[in-house]
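S.K.: sharing a sequence plus its predicted fold:
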Amino acid sequence: MSHMKLFGSKRSGSRLAKNRQKIQAAGGAAPQQSRAVAVREAPKKKRRNPLKAVAIVLGCLLVIEILYFTAIFSNNAFISKWRTIYIETAMDTLSHKWLATAIIPDDIIQEVLAQRRTALEKQIGQASTWTKEPEPEEPEQDDGPVQIDADVTVVPVETEEDRIAQAREAFFELFYEVDEASLDAYVNAHPEVLDNGWDNLYINEAGLDDDGTDIETIYGEQILAIDAANQILLVRVEGSGYIGVLAVAKDPARLTVQVSSRLGVTGETAGVIADAHNGVLSMTGSGFIDPDGNGNGGILAGYAMCDGTAYGTAHMGWGYKRLELHEDNLMYIKDASDPVGEGTTDAVEFQPALIIDGTIVVDSNCGWTGIQPRACIGQSDKYEILMLVIEGRMPWRSNGTHVIECAEILKRHGCMQAMNLDGGTSAIMWYDGEYVTKCSNQSLPEGRPLPTAFVYGRSE
């Protein structure tokens with residue numbers, strides 16, 4: 001009986017040995033050897049080099065330092081422009097001045113502020129001199145019978161189509177800036193807006209939750225609201241980094257400055273002041289004393305006049321201007337230190353003037369290039385009231401803009417006189433029961449309490 005081998009025959013063992021030799025000759029290894037090699041050749045953990053980490057940190061700090069000194073001290077025109085805008089933006093905000101003072105040397109800040117003082121000095125003595133042009137005489141119209149000959153008399157008959165056509169013509173004469181084709185398309189889609197005729201056409205998609213209409217102005221602006229009875233047009237204005245609303249109110253006789261009923265104690269919001277005085281449209285009026293940004297609008301800054309009654313203990317100081325509404329329904333701008341003009345019915349004081357007698361009086365060196373929420377008011381060459389509010393300090397919606405941009409928006413609408421008002425968190429506009437611009441402080445959906453507001457009255 002032959003002996004059996006547990007692990008195979010000698011021949012099989014010989015074959016295994018030969019196979020192992022072949023694998024090794026080809027650069028391989030037997031299974032046991034492969035595991036051993038794998039263990040021996042496992043990568044070792046590299047020791048961290050602390051000097052390299054320090055070098056990276058120092059390199060980053062060096063880059064930051066180079067960027068800082070370039071931004072702060074460079075005379076490059078582009079860098080200088082945006083440095084100035086940054087400083088003015090920070091220094092115009094009571095609670096954010098530290099953003100400039102903490103990182104920028106005081107002498108550079110003072111240099112920027114000196115530019116503003118120089119610009120304001122140039123405005124001293126500049127005042128409105130315009131007068132109202134006499135209205136052209138309308139030719140007499142005789143709608144009586146027309147005698148053709150001795151035996152034939154023709155009596156003109158006005159049809160309903162004639163009356164509608166005349167009303168439409170009168171509408172577009174008043175709202176000349178409305179693009180006819182886009183309004184006609186809107187009316188075709190929404191015929192109910194003419195249920196009460198062209199004289200009472202009412203479209204309002206100006207609310208904060210509304211998207212506005214598809215109607216445009218002849219300047220390419222989106223129209224938010226048309227109120228024919230009250231002679232009001234609201235349009236969206238927007239540009240690089242900002243949005244806002246421009247209200248065009250056609251009847252200057254309806255504009256007044258109205259005061260908070262609790263002046264001396266606290267201010268009131270623009271909507272509350274408007275409601276108390278039968279207003280349909282209102283916006284920011286006078287500035288107020290605002291210690292550490294905690295003022296409640298109760299203490300008027302400077303002087304104001306509301307419906308012939310004067311308020312305030314003293315006029316605002318050097319460099320400030322006063323906007324006056326006179327009995328002739330014109331706006332006049334003058335130095336706040338000048339005597340109040342004869343025939344003044346309403347007035348507020350602030351700075352700077354934007355447009356005087358049709359000329360823009362601010363430029364890139366005006367010292368007011370900070371990006372902020374803005375409130376401005378003016379009057380066009382057709383004597384319309386122009387109310388402008390630009391939203392700001394909301395990067396997801398609108399950063400704000402500078403006064404030069406505001407002046408150019410107003411000038412596009414034929415503005416002859418305009419002044420910058422108290423902006424920031426005070427900048428807000430209210431129309432027909434709702435706010436149509438956002439306050440920069442989201443916790444104040446109705447804006448800050450104001451000592452006064454510009455109010456445009458409802459039609460009677």
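M.R.: Received, thanks.

S.K.: and Asn329, how far is that from Gln379?
M.R.: As judged by Cβ to Cβ, to the nearest Å, Asn329 and Gln379 stand 9 Å apart. Just so you know, the C-beta spots here come from the backbone N, C-alpha and C atoms, and that holds for glycine as well.

S.K.: now the common contact residues for these two.
M.R.: Pro252 (Cβ atoms under 8 Å, 6 or more residues apart in numbering).

S.K.: those two: which is more packed in?
M.R.: Taking other Cβ atoms under 10 Å, Asn329 and Gln379 do not tie; Gln379 has more neighbours (28 against 16).

S.K.: any idea which residue sits dead centre in the chain?
M.R.: The structure's the chain has its C-alpha centroid closest to Ile390; by Cα atoms, centre = their mean the separation is 2.1 Å.

S.K.: quick one: contacts for Ile404?
M.R.: By Cβ under 8 Å, 6+ apart, Ile404 lies in contact with 360, 362-364, 366, 368-369.

S.K.: wait, I meant Tyr186
M.R.: Counting by Cβ under 8 Å, 6+ apart, Tyr186 touches 193, 203, 213-215.

S.K.: can you give me the buried ones in the helix or strand encompassing it?
M.R.: Here Tyr186, judged by DSSP states H and E, is contained in helix 180-189. By neighbour count on 16 or more other Cβ atoms under 10 Å, the buried set for helix 180-189 is 182-183, 186-187.

S.K.: nearest to Pro134 among those?
M.R.: Leu183 (31.5 Å; Cβ to Cβ).

S.K.: my read is that Ala314 contacts Tyr303, right?
M.R.: Yes. Counting by Cβ atoms under 8 Å, Tyr303 is a contact partner of Ala314 at 7.1 Å.

S.K.: quick one: which of these two has more around it?
M.R.: Tyr303 (20 against 9).

S.K.: what separates Leu330 from Gly302, distance-wise?
M.R.: In terms of Cβ to Cβ, Leu330 sits 21 Å off from Gly302.

S.K.: so for the two, which sits in the more crowded spot?
M.R.: The neighbour comparison of Leu330 against Gly302 (other Cβ under 10 Å) goes to Gly302, with 23 against 18.

S.K.: and the more buried one, what does it touch?
M.R.: 286-287, 312, 314-316, 320, 336, 348-350.

S.K.: and it, what's its pLDDT?
M.R.: The model reports Gly302 with a pLDDT of 95.

S.K.: please apply the same query to Lys52.
M.R.: Per-residue confidence (pLDDT) for Lys52: 80.

S.K.: check the secondary structure at it for me.
M.R.: Secondary structure, DSSP: H, G, I helix; E, B strand; the rest coil: Lys52 is helix.

S.K.: since we're on it, how many residues are nearby?
M.R.: 9.

S.K.: around Ser364, count how many other residues there are.
M.R.: Residues within reach of Ser364, counting by other Cβ under 10 Å, total 13.

S.K.: helix or strand: which one has it?
M.R.: Using DSSP H and E, Ser364 is not contained in any helix or strand.

S.K.: so how far is Asp199 from Gln442?
M.R.: Separation of Gln442 from Asp199 (Cβ to Cβ) stands at 40 Å.

S.K.: same thing with Arg448?
M.R.: For Arg448, the distance to Asp199 (Cβ to Cβ) stands at 37 Å.

S.K.: quick one, which of the two is more surrounded?
M.R.: For Arg448 and Asp199, the more surrounded residue by other Cβ under 10 Å is Arg448, and the numbers stand at 24 against 11.

S.K.: my guess is the more buried one meets Ala270, correct?
M.R.: No. At 9.4 Å, Arg448 does not count as touching Ala270 under the criterion of Cβ under 8 Å.

S.K.: any common contacting residues for the two?
M.R.: By Cβ under 8 Å, 6+ apart, the residues touching both Arg448 and Ala270 are Ile428.

S.K.: which strand residues bridge Val348?
M.R.: Leu323 (DSSP bridges).

S.K.: burial measure for it, as a count.
M.R.: 32.

S.K.: which residues does Phe288 contact?
M.R.: Here Phe288 is in contact with 267, 295, 297-301, 422, 450-451 (Cβ under 8 Å, 6+ apart).

S.K.: repeat that with 10 Å
M.R.: 260, 263, 267, 295-302, 422, 426, 448-452 (Cβ atoms under 10 Å, 6 or more residues apart in numbering).

S.K.: returning to what we had before: from the contacts of Tyr186, which would you call buried?
M.R.: For the contacts of Tyr186, buried by 16+ other Cβ under 10 Å: 193, 203, 213, 215.

S.K.: just checking, which of those belong to strands?
M.R.: Ile203 (DSSP state E).

S.K.: which one in the contacts of Ile404 is the model shakiest on?
M.R.: Lowest confidence among the contacts of Ile404: Cys366, with 69.

S.K.: joint contacts of Ala314 and Tyr303?
M.R.: With Cβ under 10 Å, 6+ apart, Ala314 and Tyr303 have common neighbours Ala336.

S.K.: quick one: buried residues of stretch 237-248?
M.R.: So for stretch 237-248, counting by 16+ other Cβ under 10 Å, buried means 237-238, 242-248.

S.K.: I meant to write stretch 104-117 there.
M.R.: 104, 109, 112, 115-116.

S.K.: fine by me, we can end here.
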